[in-house]
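> Quick one, what's the 3D model for this:
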Amino acid sequence: MKKWILITMMTLIFVSGCTSAKEVNDTRHIPIYMEFEQDVLNDQTKDLSFIIKNNTTQECVYGEMFMVEKQVSDQWLELEYKEGMAFIMIGYVLNPSKQDRKSLNLSTYYHKLEPGLYRMSKTVHCDQEFKAVAEFRIVE
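All right, here's what the predicted structure looks like:
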């Protein structure tokens, strides 16, 4: 009897652990999700393609503006744009359960980026404001 209870408990722990891992990797539960099509760059002058997905039930809007940060030790440091850099004020509509594919060229906005881990963020406005974030790496 004790052996059966132990096997049942171990099975339940295993199944609940699998469910938790699945939920973490399931992007459907993140209201606004962003990811890069290629997350490793060895040439900053090539386009960096990404998708933004709207997992909400509302129409959302976002613009051209984005921010890039570099991980230094255990902190994220915001990078400065090239002097005179400006974004056009345009709003892209992102319908519920839809995604947009965009690309940008980092060399347009920033001076040479050193190898390391970076993240880009975009603000998306729905019934509330969301910050979509995705990481990428620059290698030599």
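> any idea which helix or strand carries Lys102?
Lys102 is located in strand 99-104, with elements delineated by DSSP states H and E.
> List the buried residues of that strand.
Lys102 (16 or more other CB atoms under 10 Å). For every residue, glycine as well, the C-beta is placed using N, CA and C.
> Which strands or helices does it pack on?
Strand 99-104 makes packing contacts with strand 48-54 when contacts are defined by 3 or more CB pairs under 8 Å, 6 or more residues apart in numbering; DSSP states H and E.
> about what we covered before: quick one: contacts of the strand holding Lys102?
Contact with strand 99-104 is made by 37, 47-54, 66, 92, 94, as judged by CB atoms under 8 Å, 6 or more residues apart in numbering.
> now do stretch 36-43
Residues from elsewhere that reach stretch 36-43 (CB under 8 Å, 6+ apart): 48-51, 101, 106, 134-140.
> Give the buried subset of those as a PyMOL selection command.
Selection of buried members from those for PyMOL, criterion 16+ other CB under 10 Å:
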select buried, resi 48+50+106+134+136+138
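> Need the max-distance pair from the contacts of stretch 36-43.
Spatially, the most separated pair among the contacts of stretch 36-43 is Arg101 and Glu140, at 27.6 Å (CB to CB).
> Could I get the full set of strands for this protein?
32-36, 40-41, 48-54, 60-62, 67-72, 75-78, 92-94, 99-104, 116-125, 129-138 (DSSP state E).
> other SSEs contacting the third one?
Yep, that's strand 48-54 we're talking about. Applying 3+ CB pairs under 8 Å, 6+ apart, one finds that strand 48-54 contacts strand 32-36, strand 99-104, strand 116-125, strand 129-138.
> What mean pLDDT does it get?
Averaged across strand 48-54, pLDDT comes to 95.
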